[in-house]
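Asks: Model the structure of this input:
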Amino acid sequence: MANLVSPGVGVQETDITTVIPATSSSTAAFSGAFVWGPVNSVTRLSNELQLASTFGAPDSNTYVSFLTCSSFLAYGNDLRVVRSANSNTYNAQSNTTTQAIQIANPNIYHDTFKDNSNLYYIQGEFAAKYPGALGNSITVQVWDTGNTASFKTWAYSGQFNGVPGTSTFAAQNGSLNDEFHLVVIDSNGSFTGIKGAVLETYPYLSKAYDAIDGNGVTTYYKNVIESRSNYIYAMAPVDYANTSTTWGSKTISNIVFAKSGTQGVVTGNTYVQGGVYTISTVGNTAYNLISTGVDIAGNTNGPVVGKTFTVTANSTVIAASISNSANGNCIINAATSLTFPLTKGTDALVSDANKIAGYGLFANKDTVPASLVITGDASPTVQGWIISNITTPTNAVTSTGATIGRAGDALSFISPPYAAVVNTAGNEVTNITSWLYDANTSTSFGGTAGLGGGYFSSYVVADSGWKYMFDKYNNVYRWVPLNGDIAGLCAFTDQVNDPWWSPAGFNRGNIKNAVKLAWSPSQAQRDQIYPMGVNPVAAFPGNGIVLFGDKTLQAKPSAFDRINVRRLFMVLEASIAKAAKYSLFQFNDSFTQNQFLSMVVPFLTNIQARRGITDFKVICDSTNNTGYVVDNNQFVADIYIKPARSINYITLNFVAVGTSVAFSTIVGS
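Replies: Presented below is the predicted three-dimensional model:
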């Protein structure tokens with residue numbers, strides 16, 4: 001404590017109650033193809049309902065990814081998913097005449113498209129929230145301030161409790177008619193199965209970018225849609241209302257209009273009342289202005305060729321900003337509803353590079369938790385990249401200083417390729433061997449080479465095949481790889497026991513939602529693949545389909561060639577390392593050393609009581625923290641662990657004994 005310089009009482013509090021924190025070992029990670037949802041962004045899911053609502057029901061190109069995820073979620077409730085997508089997967093948009101775009105995720109929209117980058121309405125007024133052809137089913141309808149009688153004829157007027165008009169905010173700022181209603185419609189029924197179903201409604205949106213309601217919450221249409229809609233983004237300043245008040249001013253320049261039905265152009269600032277005009281060309285790229293002293297689109301957004309407007313009075317202001325800021329909105333009168341069908345959404349096949357980019361988001365363990373990395377139907381190329389760059393500790397560092405890989409806190413779960421085990425009766429063992437060892441000559445898997453034997457690690461779990469399961473979204477049966485299930489069994493084991501228990505066998509290893517297996521290896525076949533580190537999944541009459549092995553893919557025989565031992569050490573290392581960081585910048589003396597021991601010993605004692613280890617010893621004193629260690633600002637603790645082992649082999653010896661023979665004479669002999 002600081003020395004007092006005058007009489008007084010000093011009080012100091014020291015906290016030495018640090019404990020070993022719990023760490024999650026059941027968080028799974030996956031990257032793959034989906035029809036909907038954010039691209040290259042991590043989404044956390046806890047059940048299949050969230051999976052379907054976020055990433056859409058599966059189709060013929062995405063069912064493996066979807067059903068792999070749903071398979072895991074049948075056991076666990078913490079799945080982080082990244083949607084991988086080809087750069088040619090585009091968002092549907094309301095402008096049919098311009099280039100296609102990809103708005104990959106909400107961050108891209110907010111940073112790139114929301115404000116000043118959608119120059120001249122390139123993507124139209126609205127775009128689908130996510131890339132993909134599914135967005136082509138969306139139609140947006142709006143009703144602007146208008147005639148009450150006309151409003152009642154609008155098909156969606158029943159969705160709202162009144163006619164839009166002037167918000168309190170606009171009235172307080174001397175403006176008029178800033179409100180409109182908006183409906184999002186499932187035109188083709190692709191989202192709901194019902195054509196024309198209403199997906200979302202937004203009443204009394206404001207065109208004023210600084211508009212707020214009585215609670216101080218934004219009512220500006222772009223903000224509301226951005227934060228609440230699951231289907232659309234608002235892309236361009238609105239152009240379907242009018243206002244009678246002008247805020248701010250800019251000089252008119254080079255805007256040319258053509259009257260509807262004529263070939264000539266109309267220029268200048270006077271227009272015929274009731275005339276309908278169409279923008280034929282645009283001149284100055286700085287402003288969208290059509291009347292002296294009026295700013296209708298702010299500093300950068302401009303008009304679109306082909307847009308029409310109706311003049312309500314000669315020489316009148318027909319468009320103006322409704323905000324007293326330089327960044328206003330383009331607003332043009334519309335007495336009836338306006339309809340914006342979204343088109344140009346496209347799908348494209350996901351490549352290995354796309355999947356790798358998605359899995360790359362899981363590489364930093366400090367930002368994304370993941371202990372079970374599911375690979376789905378990833379090719380050996382992707383499987384190898386995941387093993388090398390995410391789950392196998394490398395201690396490599398990139399040029400930016402970031403660590404490659406998760407430093408030993410995650411397992412990869414891999415399955416053989418579809419072509420190795422589905423409809424290949426009698427060749428499964430050969431094909432699996434080729435998948436694991438042959439990096440060059442394997443052509444039976446669609447021309448894809450195998451892993452090549454370079455990825456044998458205690459941080460990899462391999463299974464023997466694929467299961468046949470029902471796809472309720474399409475009313476068909478599908479083949480799905482088992483790695484989602486095997487990772488799920490690990491999560492399930494954490495729930496009913498602990499990570500250091502084996503996930504295999506008849507107690508914890510039952511596979512869910514499987515009609516049959518592509519290949520159920522016999523005992524002789526299991527004897528061939530198990531020494532390679534491949535865990536058999538087999539069907540047992542009366543017991544169902546069961547994971548019948550608990551090996552990692554480590555080639556060197558040791559305790560770490562078992563899933564439960566590897567996961568035990570993952571938990572120990574992660575938990576103790578998290579607690580040990582609070583010893584950084586402390587003094588390396590007996591006090592700090594004993595404080596560390598007081599944390600670790602009770603923690604390991606608890607693990608021992610829960611049958612994770614049989615014995616342990618922790619050394620943290622002057623014998624390993626020598627003067628040299630202390631002088632180099634280091635701190636050393638040696639932790640010795642005897643892990644509990646799972647039973648893989650049972651021998652039952654039956655001995656027939658004569659009636660007159662006493663057991664005591666033969667037992668133990």
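Asks: Return the alpha-carbon coordinates of stretch 496-515 using PDB.
Replies: The C-alpha coordinates for stretch 496-515 follow below in PDB (Å, rounded to 0.1, in the frame of the first residue of the first chain):
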ATOM      1  CA  VAL A 496     -24.700 -36.900 -19.100                       C
ATOM      2  CA  ASN A 497     -21.100 -37.400 -17.800                       C
ATOM      3  CA  ASP A 498     -18.000 -35.400 -18.500                       C
ATOM      4  CA  PRO A 499     -15.700 -34.800 -21.500                       C
ATOM      5  CA  TRP A 500     -13.200 -37.500 -20.300                       C
ATOM      6  CA  TRP A 501     -15.800 -40.200 -20.700                       C
ATOM      7  CA  SER A 502     -15.800 -42.200 -23.900                       C
ATOM      8  CA  PRO A 503     -18.600 -41.200 -26.400                       C
ATOM      9  CA  ALA A 504     -18.700 -44.700 -27.800                       C
ATOM     10  CA  GLY A 505     -20.600 -47.900 -27.000                       C
ATOM     11  CA  PHE A 506     -24.100 -48.900 -26.000                       C
ATOM     12  CA  ASN A 507     -24.400 -46.400 -23.100                       C
ATOM     13  CA  ARG A 508     -23.600 -43.200 -24.900                       C
ATOM     14  CA  GLY A 509     -22.800 -44.000 -28.500                       C
ATOM     15  CA  ASN A 510     -26.200 -44.600 -30.100                       C
ATOM     16  CA  ILE A 511     -26.700 -42.800 -33.500                       C
ATOM     17  CA  LYS A 512     -29.900 -40.900 -33.900                       C
ATOM     18  CA  ASN A 513     -32.200 -40.400 -36.900                       C
ATOM     19  CA  ALA A 514     -30.500 -43.100 -38.900                       C
ATOM     20  CA  VAL A 515     -32.600 -45.500 -41.000                       C
END
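Asks: Name the single longest strand found in this protein.
Replies: If you go by DSSP state E, the chain has its longest strand at strand 197-206.
Asks: Please enumerate residues in contact with it?
Replies: By C-beta atoms under 8 Å, 6 or more residues apart in numbering, the list of residues contacting strand 197-206 from outside reads 138, 156, 159-161, 164, 167, 169-170, 178-186, 189, 191-192, 219-221, 224-225, 228-231. Just so you know, the C-beta spots here come from the backbone N, C-alpha and C atoms, and that holds for glycine as well.
Asks: So which of those residues are in helices?
Replies: 169-170, 221, 224-225, 228 (DSSP state H).
Asks: Tell me which of the residues you listed has the lowest pLDDT.
Replies: For the ones in helices among the contacts of strand 197-206, the weakest pLDDT value sits at Ala170, with 81.
Asks: from memory that residue sits against Asp178, does it?
Replies: Yes - judged on C-beta atoms under 8 Å, Ala170 makes contact with Asp178 at a distance of 4.1 Å.
Asks: between these two, which one's more packed in?
Replies: Asp178 (32 against 23; other C-beta atoms under 10 Å).
Asks: Isn't that one up against Ala211?
Replies: Yes - counting by C-beta under 8 Å, Asp178 does reach Ala211; the two are 6.7 Å apart.
Asks: Name the residues contacting each of those two.
Replies: Joint contacts of Asp178 and Ala211 (C-beta under 8 Å, 6+ apart) are 167, 169-170.
Asks: Just put the residues you listed in CSV and tack on distance to Trp500.
Replies: Converted to CSV, the shared contacts of Asp178 and Ala211 look like this (distance: C-beta to C-beta, whole Å):
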residue, distance to Trp500
Ser167, 61
Phe169, 60
Ala170, 64
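Asks: residue ranges with poor pLDDT in the stretch 151-300 of the chain?
Replies: Judged by pLDDT under 70, the stretch 151-300 of the chain has its weakly predicted residues at 236-300.
Asks: can you map out the strands along it?
Replies: Taking DSSP state E, counting those that start in this stretch to define them, one finds strands in the stretch 151-300 of the chain at 179-186, 197-206, 232-234, 255-259, 276-282.
Asks: and the second one, how far from the chain's centre?
Replies: Taking C-alpha atoms, centre = their mean, to the nearest Å, one finds strand 197-206 lying 27 Å from the centre of the chain it belongs to.
Asks: ok, now stretch 84-92?
Replies: For stretch 84-92, the distance to the chain centre is 16 Å (C-alpha atoms, centre = their mean).
Asks: Could you do stretch 623-633 as well?
Replies: For stretch 623-633, the distance to the chain centre is 45 Å (C-alpha atoms, centre = their mean).
Asks: ok, back up a step: buried ones among the ones in helices among the contacts of strand 197-206?
Replies: Buried members of the ones in helices among the contacts of strand 197-206, counted by 16 or more other C-beta atoms under 10 Å: 169-170, 221, 224-225.
Asks: hmm, which two among those residues are most spread apart?
Replies: Ala170 and Ile225 (18.7 Å; C-beta to C-beta).
Asks: Give me the nearest residue to Pro417, chain neighbours excluded.
Replies: Phe445 (4.1 Å; C-beta to C-beta, 6 or more residues apart in numbering).
Asks: Near that neighbour, how many other residues are there?
Replies: 19.
Asks: now Asp186
Replies: Neighbour count of Asp186, defined by other C-beta under 10 Å: 20.
Asks: need the contact list for it.
Replies: 137-138, 192, 194-199.
Asks: re the thing from before, which single one of the ones in helices among the contacts of strand 197-206 is nearest to Pro481?
Replies: Using C-beta to C-beta, the ones in helices among the contacts of strand 197-206 come closest to Pro481 at Arg228, 36.7 Å.
Asks: What segments of the stretch 401-550 of the chain are strands?
Replies: Under DSSP E, counting those that start in this stretch, the stretch 401-550 of the chain gives strands at 411-414, 460-463, 466-471, 476-481, 516-517, 534-535, 537-540, 544-547.
Asks: Just name the most buried of the ones you listed.
Replies: Mean neighbours per residue, mean count of other C-beta atoms under 10 Å, is largest over the strands of the stretch 401-550 of the chain for strand 411-414, with a mean of 30.
Asks: For ChimeraX, write a command that selects the buried ones of the contacts of Asp186.
Replies: A single ChimeraX command is used to select the members of these judged buried by 16+ other C-beta under 10 Å:
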select :137,138,199
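Asks: Domains in the protein, by residue range?
Replies: The chain breaks down into these domains under automatic domain parsing: 28-85+349-552, 106-234, 587-669.
Asks: right, and those - which one's nearest Phe560?
Replies: Phe560 sits nearest to domain 28-85+349-552 of all the domains of the chain, at 4.0 Å, using C-beta to C-beta.
Asks: Show me the one of the strands of the stretch 401-550 of the chain that comes nearest Asn632.
Replies: It is, among those and with distance given as C-beta to C-beta, strand 411-414, at 34.1 Å.
Asks: Using CSV, list the CA coordinates for the closest one.
Replies: Extracted C-alpha coordinates of strand 411-414, given in CSV (Å, rounded to 0.1, in the frame of the first residue of the first chain):
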residue,chain,number,x,y,z
LEU,A,411,-11.0,-31.7,-32.4
SER,A,412,-11.7,-32.2,-36.1
PHE,A,413,-14.4,-34.8,-37.0
ILE,A,414,-14.0,-36.3,-40.5
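Asks: Please name every helix or strand in contact with it.
Replies: Applying 3 or more C-beta pairs under 8 Å, 6 or more residues apart in numbering; DSSP states H and E, we find strand 411-414 packed against strand 372-374, helix 380-386, strand 460-463, helix 483-496, helix 563-580.
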